[in-house]
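Novice: What would the 3D arrangement of this be:
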Amino acid sequence: MKIEVYSDGSGTTKNTPGGYGYVVVADGVKQLEGNGHMPFATNNDAELEAAIQGLASISLLIAVCPDPVTDVWLVSDSQIILNWANGRNEFRQEEKIDKYNLLRNLVLKYNVKTRWVHGHDGDEHNERCDKLANAARLKKEII
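Specialist: Residues are numbered from 1 along each chain as shown. Modelled structure (predicted):
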């Protein structure tokens, strides 16, 4: 089974609300999605939270699926998040090191590969993540 975790964040400055969204796809079929509001979050804070929450959510899917997992992919339009996830970029924000360590632990636990997608370019799951993240930031319901 191939699992793809799409993630996206929505935020502006550290003094304003943010939101995150994720969609989990297994063998090309959407299995679950989620989002959440963050009272204060930069865009990178929200992107980081989206990746963490999305990757953390796959434990439920793996637990109930009889098929072995062959690949896990983190898919995002944020190159900085992907490069933090795969260890290419050094993380320098000491006040947020616990979040970074959580991301890296999930990446190592599931042997996650990363893939970049161009944002706002029609990718179905990336677009859904964007809607989920923006709705969460604004505390709006989304269907």
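Novice: Quick one: neighbours of the residue nearest to Gly119 when sequence neighbours are not counted, just the number.
Specialist: Spatially, and ignoring its direct neighbours in sequence, Gly119 is nearest to Asp77 (3.3 Å; Cβ to Cβ, 6 or more residues apart in numbering). From N, CA and C alone the C-beta is placed, and that goes for glycine too. Other residues lying near Asp77 total 21 when counted by other Cβ atoms under 10 Å.
Novice: residues in contact with Asp77?
Specialist: By Cβ atoms under 8 Å, 6 or more residues apart in numbering, Asp77 lies in contact with Asp8, Trp116, Val117, His118, Gly119, His120, Asn126.
Novice: Pick out whichever of those sits closest to Ala56.
Specialist: For the contacts of Asp77, the minimum distance to Ala56 (Cβ to Cβ) is 15.8 Å, reached by Asp8.
Novice: Helix or strand next in line after the helix or strand where the closest one lies, which one?
Specialist: Per DSSP states H and E, Asp8 falls inside strand 2-10. Next along the chain after strand 2-10, taking DSSP H and E as the criterion, comes strand 18-26.
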